[in-house]
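Visitor: Quick one: sequence plus predicted model below, questions after.
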Amino acid sequence: MQTYFYVLASQRFLLEEEPLEEVLQERQRYYQEAGKPIDFWLVKQPAFLSAPEMQAVKAQCPQPAVAVVSTNLQFVQFLKLRLEHVLMGEYQSPSETIPDPLASLVTA
């Protein structure tokens, strides 16, 4: 089981009002230059919010939601400071209620 950290906000806020794309591109470029594997993902309508233990978090976030999920706590803390108006938290996966840590409710 792995701990995943996240920042969560409405899709409109993260993808339209904030320079999130720029921040993620800078981070990706840094990882490539440093030879580090990517440890963060953008998840639209994250399925982990459907878990019973996440209902209070889901209720606080306007829908549809978007999350940046990472195994790197420091990166998520940086995003929380940079973006300010986001929810931050963590969850364990795979688990009975969250089998896939990066699953999305968006269907292709």
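Guide: Done, it's in. Numbering: from 1, shown residues only.

Visitor: any low-confidence regions in this protein?
Guide: Within the chain, the stretches with pLDDT under 70 are 108.

Visitor: quick one, helices of the protein?
Guide: Along the chain, the stretches classed as helices by DSSP state H are 11-12, 20-34, 55-60, 73-83.

Visitor: Give me the residues contacting the second one.
Guide: Put plainly, it is helix 20-34. 14-15, 37-40, 42, 68, 75, 79, 82-83 (Cβ atoms under 8 Å, 6 or more residues apart in numbering). Yep, even glycine has a C-beta here, placed from its N, CA and C like the rest.

Visitor: same thing but at 7 Å, please
Guide: 14, 38, 40, 42, 75, 82 (Cβ atoms under 7 Å, 6 or more residues apart in numbering).

Visitor: From those, pick the one nearest Pro94.
Guide: Phe40 (18.4 Å; Cβ to Cβ).

Visitor: about what we covered before: want to throw the helices of the chain into JSON lines with mean neighbour count?
Guide: Shown next, in JSON lines, are those (neighbours: other Cβ atoms under 10 Å):
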{"stretch": "helix 11-12", "mean neighbour count": "13"}
{"stretch": "helix 20-34", "mean neighbour count": "12"}
{"stretch": "helix 55-60", "mean neighbour count": "12"}
{"stretch": "helix 73-83", "mean neighbour count": "16"}
